[in-house]
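1. Predicted model follows, preceded by the sequence.
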Amino acid sequence: MKHLRYLLLLFALSGCSQEKEVVILSINDLHAKFENLDKMVTYVHQQQADHKNVLLLCAGDLFIGNSIVDYYFDKGFPMIDILNNLVFDVGMMGGHDFDYGLATLFRRVQQSKVRNVVCANVNTEGTVLPTPPPFLFFTKDGIRICVIGLMEDDAKLPEGVTVSDPIETFAQYETLRGECDLFIALTHIGVTRDSILAERYGSLDLIVGGYSHTKLDSGKWVNGVLITQAGRYGQQMGKTVIKMKGGKVVSKSNHLIEVADLVERDSATTKKIQQYNDNPDLYRVVGWLNNDVVGRMNIGNFFCDAIRAQTKSDIVFQNIMGIRSDLLSAGPVAVKDIFRADPFANELVKFETTGDEILQFIKDTYLKYPRLDLCVSGLKYKIQVVNGQPVAVKATVNGAPIAAGKRYTVVTNNYIAASYKLPVARGAGASLNMTTVDAIESYIKINKKVGFESDTRAELY
């Protein structure tokens, strides 16, 4: 009997010292792009068959970016329907997941097979969407894992939703390190802030990130923390392998799976993709484009022209990152072509401001995004940059120098109204009860045949 107890003790001790492996598969920023998800489904199922401990994580922004998904009669449902062929262990929300409104997001969460949604720095108390738990614990093969969620705090969010600083918020939860073997942050804050998070809190083992659409081929190491991110649009999937022994991490590695290079497709998922692609309303032709419009700045300027014509305003601004196509081809223009270039279809707002306030707005925008970010109509501007800092702005309105004290009517989208430093109170402006896409489609319909002559409306000097 004594020998038996001794053998059992040896067996238990050897089990504790045995190396174990956790495989983490992750996606981020799909933005409603589903064309390769049938390949991804097959790959995940194969990995789950080949490895004992597989975690499947989603780092936010499933929606907004594909008209088939975003303008389905029940917005966003096609993405959930397709992704339900996978069962995610943990999901995170990005700012664009709120763009359909809270009631719609709540329905999508209820319909999803994501087992858990976490976020430590968002509060939806008092709305129809329950506040998600900040973190969760679960055990795989005796390994106690903690996953905490953090999202960006500069998104345009529905009324009633508040988001605190993700870096500062994490400090409240750092003690979770002592309660788990593997500590993971699932974030939607971008690789720059992920790096700050890792530098400040080396207690983390892994950060699985999103938001900045960064393709980290083998991850990024900061303060001993491995940071991963898998590009955007489902073009890549992250695969992180963590080896553990005696409850301690002994090695971490990451690489990206190029989904386009995968061969096998899941037939059930392929069938769903084909069904959703077959939406005749998106192929409805609304007019004719006389010439190619090439480049996002030109497309943004063209759309600003259309919006200015429809809103009878002096000036229109559009953020270049809201334009998601590099070419509008000459010929018939279908609804899908407009949505492909402007997938966000933000609501338009109108306000009055002075010339000097407009100049300050352009300068502040360059400070926020050190690039030529603003597409425009009715206005041309030049920014003088010295040592990376904007020191002066010159502008003309309809060919005449902008008048410092003169008041101008300005139209922009409500994303800029919520997220940029406007020359009026943050978020202020009268809603025009139309979206950018509404205005562009109406402009093309009314004029039947339209063209655009490329010109330089924004430059540095």
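-> Alright, I've got the coordinates.
2. Pull up the gap between residue 57 and residue 235, please.
-> Applying C-beta to C-beta, to the nearest Å, the value for residue 57 to residue 235 is 17 Å. Using the backbone N, CA and C atoms, a C-beta is placed for each residue, glycine as well.
3. Would you mind telling me which of those two has more residues around it?
-> Neighbours per residue, other C-beta atoms under 10 Å: of residue 57 and residue 235, the larger number sits with residue 57, 25 against 19.
4. That one reaches residue 91, doesn't it?
-> Yes. When contacts are counted by C-beta atoms under 8 Å, residue 57 is listed as touching residue 91 (7.4 Å).
5. and residue 43, what are its phi and psi?
-> With angles defined as degrees, to the nearest 10, residue 43 sits at phi -60, psi -50.
6. Contacts only, for it.
-> Taking C-beta atoms under 8 Å, 6 or more residues apart in numbering as the definition of contact, the neighbours of residue 43 are 237, 257, 259, 262, 264.
7. Which of the residues you listed are buried? Put it as a ChimeraX command.
-> Restricted to buried positions by 16 or more other C-beta atoms under 10 Å, the ChimeraX selection for the contacts of residue 43 reads:
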select :237,257,259,262
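8. What about the contacts of residue 43, which are in strands?
-> 237, 257 (DSSP state E).
9. with the contacts of residue 43 in mind, which one is nearest to residue 348?
-> residue 259 (35.8 Å; C-beta to C-beta).
10. who does residue 144 bridge with?
-> Beta-bridge partners for residue 144, by DSSP bridges, are residue 139.
11. didn't it look like it was pressed against residue 181?
-> Yes. With the criterion set as C-beta under 8 Å, residue 144 and residue 181 qualify as a contacting pair; they are 4.9 Å apart.
12. out of the two, which sits in the busier spot?
-> residue 181 (20 against 14).
13. That one contacts residue 247, doesn't it?
-> Yes. Proximity of residue 181 to residue 247 meets the contact threshold set by C-beta under 8 Å, at 4.6 Å.
14. joint contacts of those two?
-> Between them, residue 181 and residue 247 share the contacting residues 143-144, judged by C-beta under 8 Å, 6+ apart.
15. Which parts of the stretch 1-150 of the chain are strands?
-> With strands called from DSSP state E, counting those that start in this stretch, the stretch 1-150 of the chain shows them at 20-27, 54-58, 90-91, 122-123, 135-140, 143-151.
16. ok, and what's touching the fourth one?
-> The set of residues that contact strand 122-123 without belonging to it, under C-beta under 8 Å, 6+ apart, is 93, 131-132, 151, 161-164.
17. Type out the PyMOL command that picks the buried ones from the residues you listed.
-> In PyMOL, this line selects whichever of these come out buried by 16+ other C-beta under 10 Å:
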select buried, resi 93+132+151+161+163
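18. Closest to residue 282 out of the contacts of strand 122-123?
-> Minimum distance to residue 282 across the contacts of strand 122-123 is 26.7 Å, recorded for residue 93 (C-beta to C-beta).
19. and that closest one, what is it in contact with?
-> If a contact means C-beta under 8 Å, 6+ apart, then residue 93 has 60, 105, 117, 119, 122, 132, 149, 151, 188 as its contacts.
20. could you check the distance from the second one over to residue 233?
-> This points to residue 105. Distance from residue 105 to residue 233, by C-beta to C-beta: 21 Å.
21. who's more crowded, those two?
-> More neighbours surround residue 105 than the other of residue 105 and residue 233, with 23 against 20 (other C-beta under 10 Å).
22. pretty sure that one is touching residue 98, no?
-> Yes. With contact defined as C-beta under 8 Å, residue 105 and residue 98 form a contacting pair (6.0 Å).
23. so what sits against both of residue 144 and residue 181?
-> With contacts defined as C-beta under 8 Å, 6+ apart, the residues shared by residue 144 and residue 181 are residue 247.
24. For residue 291, which three-state class applies?
-> For residue 291, the reduced secondary structure class is coil; criterion used: DSSP: H, G, I helix; E, B strand; the rest coil.
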